[in-house]
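1. Sequence plus predicted model, see below.
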Amino acid sequence: MSYPIEGTPRHDEILFEVIQAASSSADRFALSIETETVADDYPSIIRYLDDRFSRIGDNDTVRYEADVSERSLEVIELLLEMTGSARIFGVRKIELARDSETCLRYVPEHEDFTITGDSSGEVIAAVQNAIDVEPAVILPNRVLVEWKVTGTECSISPPSLCVGNVCHDLSRLASVESHPEQLEIELRWYESEQGHVGQIISWAASQVGLSRPDTLRFESTAELSEAVEVLQTVTAGTGKEVL
């Protein structure tokens, strides 16, 4: 199965919907931008930022700040529509703040959202409402389940499933099937859309034991049940159809 969202315009639309929803509980944007990287392909966006945001710093990475408004949201949408290195490496962070406290942080390089602060409840509610019909889910950023099997420590700590010292992105988990009699969970993963180089990297990773596990094993039914509940929450949220 191919991963249903990543690399599609709908993926970027959902990212913007999340930021737009969270902005209703914020009063300030902050952007960390590698201006030279972005300007190589999108010089007009840097001019747009310079015109509409306060610029702090003149090093490679510049911090831009602005009040939350329709115009500042337009800039965010332009940044998310960029492609190539400008998108991956040019935008280091997008942050929303309320009363000078960061309430949402998005790191494009890792496709990672973090919601924190006193207003986190309002932000979570707004974002949850925005993504309710989308292939996305909000999970606590802490260890939810941990267990040990044949001496190997395992854990589910969103956004990762970790087996030993190797962690795997939970957003690529497609389905979960529990086999309590064998104390096992069978996992199916979405495949990455990748070219020849990506296939070589995936093959090399598999040779050194970095491939994603097809089976999780446990030493008690209680640990298995906890893990199944969390993993099914992930797949129920991320497995929705995208129209």
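-> Looks like it came in fine.
2. Which helix runs longest in this structure?
-> helix 221-238 (DSSP state H).
3. now that one, how far from the centre of its chain.
-> Remark: helix 221-238 is offset 19 Å from the chain centroid, using Cα atoms, centre = their mean, to the nearest Å.
4. do the same with stretch 73-88
-> The answer for stretch 73-88 is 16 Å, by Cα atoms, centre = their mean.
5. can you tell me how far V91 sits from L79?
-> Distance, V91 to L79, by Cβ to Cβ, to the nearest Å: 5 Å. In short, each C-beta sits where N, CA and C put it, glycine included.
6. list residues touching both of these two?
-> Here V91 and L79 have 31, 33 as joint contacts, going by Cβ atoms under 8 Å, 6 or more residues apart in numbering.
7. For the helix or strand hosting V62, which strands pair with it and how are they oriented?
-> Here V62 sits within strand 61-67, counting by DSSP states H and E. In the sheet, strand 61-67 lines up against strand 28-34 (antiparallel), strand 54-56 (antiparallel) (DSSP bridges).
8. residues making contact with that strand?
-> Counting by Cβ under 8 Å, 6+ apart, 27-35, 49, 52-57, 72, 75, 92 sit against strand 61-67.
9. With stretch 232-243 instead?
-> Contacts of stretch 232-243 (Cβ under 8 Å, 6+ apart): 4-5, 8, 10, 133-139, 158, 170-171, 173-176.
10. Name the next helix or strand following the helix or strand bottoming out on mean pLDDT in the chain along the chain.
-> Least confident helix or strand of the chain, by mean pLDDT, DSSP states H and E, is helix 196-207 with a mean of 40. For helix 196-207, the succeeding helix or strand toward the C-terminus, using DSSP H and E, is strand 215-217.
11. What degree of burial does N129 show, as a neighbour count?
-> 11 (other Cβ atoms under 10 Å).
12. residues contacting it?
-> Going by Cβ under 8 Å, 6+ apart, N129 touches A21.
13. which SS class is it?
-> Three-state assignment for N129 (DSSP: H, G, I helix; E, B strand; the rest coil): helix.
14. for the chain, what spans make up the strands?
-> In the chain, the segments counted as strands under DSSP state E are 28-34, 54-56, 61-67, 91-98, 101-107, 112-115, 145-149, 152-157, 160-163, 166-169, 173-179, 184-189, 215-217.
15. mind putting these in TSV, mean pLDDT included?
-> Conversion of these to TSV gives the following (pLDDT from 0 to 100):
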stretch	mean pLDDT
strand 28-34	96
strand 54-56	93
strand 61-67	95
strand 91-98	95
strand 101-107	93
strand 112-115	88
strand 145-149	96
strand 152-157	96
strand 160-163	95
strand 166-169	92
strand 173-179	95
strand 184-189	96
strand 215-217	97
